[in-house]
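Asker: based on what follows, work out the 3D shape:
(2 chains)
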Amino acid sequence: MKKVLVIEDNRDNFGLIRFALERAGYQVEAAETGSDGVSRALQSHPDLIIVDINLPDFDGYEVTRRIREGAPGRDVPIVAITSHAMLGDREKTLAAGCTAYFEKPIDPITIVEDMERAIASFRAAHAPGGRP
Amino acid sequence: MDDASKAAHSSIKLPSLIRRRRDGLRAFSVALLVWLVLCALGCLAGGRWYQGYLVDRLRLSAAHLLGTKGTALSAAINRRLALLEGLHTFSEANVVAADFGRRFETYAAGLHAGARDVRIFAVAPGGVIRYLYPVEGNELARDLDLFRDPHTRADALRTLKTRGITLSDPYELRQGGLGMVARKSVYDRGRFWGLATVGLNVPSILSEARLDEESRFALALRDHSGRTFYGASATFSAAPVRLDVELPEGHWELAAVPKGGWQAAVRNDLLWFQAGVALAALCLAGIVSLVYERQCRLGAAVAQRTAALEESEEYNRALFELSPTGLALCRMDGRLVDVNQAFAGMLGLDVEEVLGHSYWEYTPQRYHDQEREQLDRLEKAGRYGPYEKELIGKSGQVQVRLQGRLVEHNGERFIWSSIEDVTDQKKVQADLRREHRFSEGLIDSLPGVFYLYDENLKFLRWNKNLERVLGYTHEEIAALSPLDLFADDERELLQTKIRDVFSRGASHVEAYFCTKEGERIPYFFTGLKTEIDECSCLIGIGIDISARKELERELTEMNATLETRVAERTRQLQESRVELECLVEDLKEKSDQLAAANEKLQEVDRLKSMFIASMSHELRTPLNSVIGYSSIIVNEWLGPLLPLQKENLAIVLRAGKHLLSLINDVIDVSKIEAGQIEVRPEEFDLFDLVTEAVQQLEPDIRRKGLELRVVNVHQVLMSDRRRLLQATLNILSNAMKYTEAGSIELAVLPGEGWVEVAVSDTGIGISEQEAALIFQPFQRLDSALRGTVSGTGLGLYLTAKLVTEVLRGSIRFTSKPGSGSTFTIHVPLKAGAEPAPEGA
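Answerer: Next comes the predicted model:
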């Protein structure tokens, strides 16, 4: 069973994501703050990390950077969840090391499928021998 | 060009002519020498030929002579042989006669009487002479047996054989002289009986033929044995003319050569001939040389004369060419035959351009009558002019004075004209006249008086004003001195000033003119020394200063009152200034208040936008949960629902989504209005953007049963991808919302530096009234669909704002109510600033 770490402080949102992921067969681990998320990510080696940009201690960009710095060479996909009003999120998330990003509101019906597709296309684009 | 001018233009060099003549003389001498040699050779050859000719003629005449002599000789012999025939016939007839002897004697005597030169008639029966006549002198012949005598035997036997006459060669007779014997056989009834013999005397025969009577030619005869019996035998070896004299038996050869030989006979004639030919050749040579000499003299004279003529022609030609006066030769009809450069130059043309043209072409129409008048004069008097007219030159008209005369050349009449350009002269005269009029007008129009007088104070020129002001006539002024025009008390001053002018060059003075009536008028006078025709003069003007004097007086009065008025005015001004300063102070204060109010207002506006933005954000978080969880329930992930439950929850979900999009739009609008919207340009392919938009909306469009056509192309853009996607989604979802049936078409139209995204539908369309409001906020189409179509009323307002303010493009639409609309987004390929650095 694949393991997913979801770093999200809003419980309502977390509930929606967990519901969708578990329905798709993922094992979900939760973290409510950025620091908690980083330590869990480095300890439990999840197969996928979903991070909200708005976190109480530090933002999702910082979380992503720390995870990438703490585990160099490990290519775990990190998907960022952003809010509509935040402009330039796409660039920021990708610059921070995210694999994909999604805007709120999250549609629990399609979110898992969309994430898997985004990760697959990112992998295809960044695979050795593929486009840089 | 005409003959006359051609002759003038051609040229032959004189030295070459002399050389040619010298060459001619030498050639002539050679020719003469050759001629003489040829003549000498001719004489020799001709001599030879003529000699041959003369000899031939001589031989001809010799042959002729021989013919005559030969004939005569034959005749003489034949006549004598006829005697033999007679004797023969007599003998044959009388063979049997007993008295033959007697009969013979009678017959022979008869024959002898007719031919005394016959030496002997004899009949020899059986070859022995029995009968002979005359006996005297022939006794020795009696009884001579002819067949036995050695001298006669051969002849007798021959006679016997031939039965004809035989003739012996001439021989020396025993008794002296040349003799010859003719014999013929006599037959008696077919049998030989004897011989009839006649002895002939050859000299008598020869003399009968008159051989010895020839003076020019030496004649010789020889018998057929080759023995010469008459003349010299040498004759036969001196190329004689020969003739065979035929005899009854054999022949004699007669030869003739001129006495002294052939050469000698023709020598004189030849000499004469040669002398004559030589003389003729000399005469001919003489005549030819005389003629040639004459020809040469004539040629030299002609050459000399031609050279002289040419020299003079050349001289004349040079005069003609270089003459500063225009010269022209023309036909009576006006066609110009020859002109010089001076003439052509007046017209501003080259000589070649003028030749062949008529002077009428260069004559203005208004001179034509005058021109004909001059031609009449030319006809009557042989010359015309001088008169003046104008010619049409290349660069304007030229004033000329011309005259000319009639000349005749080879029977044709021409006009020689000399033309002088008087344009400048005329201009100078006119200028002078104008200048004079100008100066007269100038000095008369001067406002003051003008005067010019010499050192003797005699007026030279003045203007009418002077006469008018002083009241003097022209003649009176001419007689007056300038000092006479002033009162006694000022004359000394004037005199000093005039002296100053003549010594220093210029001066001026104010003085009172004293008129004829005695009135005094104040004047300002100027004086300037000037040289006119080497005579010092004073030129100057005087200006009436009465008005100025009056003004000066008034000014002095006014100055006194002015000062009091200025003081009054200054006080008034100071008072107004204080009031003004108070006013300015007031205004400043009000302005500050306004600035403060404005600042406050801007702050309030910013706060409003910020409030809306943050409030909307806060509204959105719980709304996300509403939408998310209700969508889980509606999808029956938590378990099956009753149809009514599902229907109601779907309404909750739709309303939640509507509220969310409304909030999103409100946030965008408030950001744009607050100027807080951020433009984020990036490079992307429009193809991908359109694909993304279509992917998002295609399921809904299909669900609604509409056909979707997409015309997509690759086009790289540098723009705000997200906002362009938002705008594209907006117009595409609008098309879907307002189309119940039919199709939707999305097309990308790339252009030069821009690209368009057009969405057409077959929906309800937009009426004209609605069209005016379509881009206003909170306006929705008033249609039957209003109730069923969800919308915020901000969609197109926001889209237009995004396209124009963020993407720097434009949006437009066309529509037909009831049949559909087309919305087109037009954006530049590059919009806004460069993308911000990553991580910013």
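
Asker: so which elements touch the stretch of helix or strand B:Arg723 belongs to?
Answerer: Secondary structure from DSSP states H and E places B:Arg723 in helix B:721-737. The contact analysis (3 or more Cβ pairs under 8 Å, 6 or more residues apart in numbering or on different chains; DSSP states H and E) places helix B:721-737 against helix B:686-703, strand B:743-750, strand B:754-761, helix B:795-801, strand B:820-828. C-beta coordinates here come from the backbone N, C-alpha and C atoms, glycine included.

Asker: between these, which gets nearest to chain A?
Answerer: Closest approach to chain A among the helices and strands packed on helix B:721-737 (Cβ to the nearest Cβ): helix B:686-703, 11.0 Å.

Asker: that closest one close to chain A?
Answerer: No: using Cβ under 8 Å from any Cβ of the partner chain, helix B:686-703 never reaches chain A; the gap is at least 11.0 Å.

Asker: now the angle from that helix to strand B:820-828?
Answerer: 160 degrees (axes from the mean of the first three to the mean of the last three Cα atoms, to 10 degrees).

Asker: which strands and helices lie in contact with the next helix or strand after helix B:686-703?
Answerer: Per DSSP H and E, the first helix or strand lying C-terminal to helix B:686-703 is strand B:707-711. Applying 3+ Cβ pairs under 8 Å, 6+ apart, one finds that strand B:707-711 contacts helix B:686-703, strand B:743-750.

Asker: next, the angle helix B:686-703 makes with the helix holding B:Arg723.
Answerer: If you take the same axes, to 10 degrees, helix B:721-737 sits at 30 degrees to helix B:686-703.

Asker: low-confidence ranges in chain A?
Answerer: Scanning chain A for pLDDT under 70 picks out A:84-89, A:126-132.

Asker: so which residues on it come close to chain B?
Answerer: Counting by Cβ under 8 Å from any Cβ, chain A comes close to chain B at A:10, A:12-13, A:15-16, A:19, A:23, A:83-85, A:87-88, A:90-92, A:94-96, A:104-109.

Asker: ok, back up a step: with distance to B:Leu349 and mean neighbour count added, can I get the helices and strands packed on strand B:707-711 in a markdown table?
Answerer: Compiled in a markdown table, those are given as follows (distance: least, Cβ to Cβ, whole Å; neighbours: other Cβ atoms under 10 Å in any protein chain shown):
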| stretch | distance to B:Leu349 | mean neighbour count |
| --- | --- | --- |
| helix B:686-703 | 75 | 16 |
| strand B:743-750 | 68 | 18 |
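
Asker: dump these to JSON lines, plus mean pLDDT.
Answerer: What follows is the helices and strands packed on strand B:707-711, written out as JSON lines (pLDDT from 0 to 100):
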{"stretch": "helix B:686-703", "mean pLDDT": "89"}
{"stretch": "strand B:743-750", "mean pLDDT": "92"}
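
Asker: need the longest helix for chain A.
Answerer: Counting by DSSP state H, the longest helix found in chain A is helix A:111-126.

Asker: what comes into contact with that helix?
Answerer: For helix A:111-126, the surrounding residues in contact (Cβ atoms under 8 Å, 6 or more residues apart in numbering or on different chains) are A:17, A:20-21, A:23-24, A:26, A:48, A:50, A:77, A:79, A:99-100, A:102, A:130-132.

Asker: buried residues in that helix?
Answerer: Within helix A:111-126, the residues that count as buried by 16 or more other Cβ atoms under 10 Å in any protein chain shown are A:111-112, A:115, A:118-119, A:122.

Asker: if we can go back for a sec, show the buried residues in the contacts of helix A:111-126.
Answerer: Taking 16+ other Cβ under 10 Å as the criterion, what is buried in the contacts of helix A:111-126 is A:17, A:20-21, A:26, A:48, A:50, A:77, A:79, A:99-100, A:102.

Asker: okay, now B:Leu724: neighbour count?
Answerer: As a burial measure, B:Leu724 scores 26 neighbours (other Cβ atoms under 10 Å in any protein chain shown).

Asker: got the contact list for it?
Answerer: B:686, B:689, B:717, B:757, B:807, B:825, B:827.

Asker: between those, which is closest to A:Thr33?
Answerer: Relative to A:Thr33, the closest of the contacts of B:Leu724 is B:Leu689; by Cβ to Cβ it sits at 36.8 Å.

Asker: start to end distance for stretch B:133-141?
Answerer: 10 Å (Cα to Cα, to the nearest Å).

Asker: neighbouring contacts of it?
Answerer: Residues from elsewhere that reach stretch B:133-141, judged by Cβ under 8 Å, 6+ apart: B:104-105, B:108-109, B:112, B:119-122, B:129, B:132, B:142, B:174-175, B:199.

Asker: just give me the closest of these to chain A.
Answerer: Nearest to chain A, judged by Cβ to the nearest Cβ, of the contacts of stretch B:133-141 is B:Gly199 at 174.9 Å.

Asker: could you list the low-pLDDT ranges of chain B?
Answerer: Within chain B, the segments meeting pLDDT under 70 span B:1-22, B:24, B:175, B:778-792, B:832-840.

Asker: now the farthest one out in it, which residue is it?
Answerer: Computed with Cα atoms, centre = their mean, the residue of chain B farthest from its C-alpha average is B:Ala98, at 135.4 Å.

Asker: need the three-state assignment for that one.
Answerer: Following DSSP: H, G, I helix; E, B strand; the rest coil, the label given to B:Ala98 is coil.

Asker: so what's it up against?
Answerer: Not one residue lies near B:Ala98 by Cβ under 8 Å, 6+ apart.

Asker: enumerate the residues of chain B near chain A.
Answerer: For chain B, the contact set with chain A under Cβ under 8 Å from any Cβ comprises B:613, B:616-617, B:620-625, B:627-629, B:631-632, B:635, B:637, B:660, B:664, B:667, B:678, B:680, B:682, B:722, B:835-836, B:838-840.

Asker: among these, name the buried ones.
Answerer: Buried members of these, scored by 16+ other Cβ under 10 Å, are B:613, B:616, B:620, B:623-625, B:627-629, B:631-632, B:660, B:664, B:667, B:680, B:682, B:722, B:835.

Asker: quick one: B:Thr159 is in a strand?
Answerer: No: secondary structure of B:Thr159 (three-state DSSP): helix, not part of a strand.

Asker: now, which of the residues of chain A next to chain B lie within helices?
Answerer: Using DSSP H, those in helices are A:12-13, A:15-16, A:19, A:23, A:90-92, A:94-96.

Asker: how about a markdown table for those, with distance to A:Leu55 added?
Answerer: Converted to a markdown table, these look like this (distance: Cβ to Cβ, whole Å):
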| residue | distance to A:Leu55 |
| --- | --- |
| A:Asp12 | 15 |
| A:Asn13 | 12 |
| A:Gly15 | 17 |
| A:Leu16 | 17 |
| A:Phe19 | 21 |
| A:Arg23 | 25 |
| A:Arg90 | 19 |
| A:Glu91 | 19 |
| A:Lys92 | 14 |
| A:Leu94 | 19 |
| A:Ala95 | 18 |
| A:Ala96 | 13 |
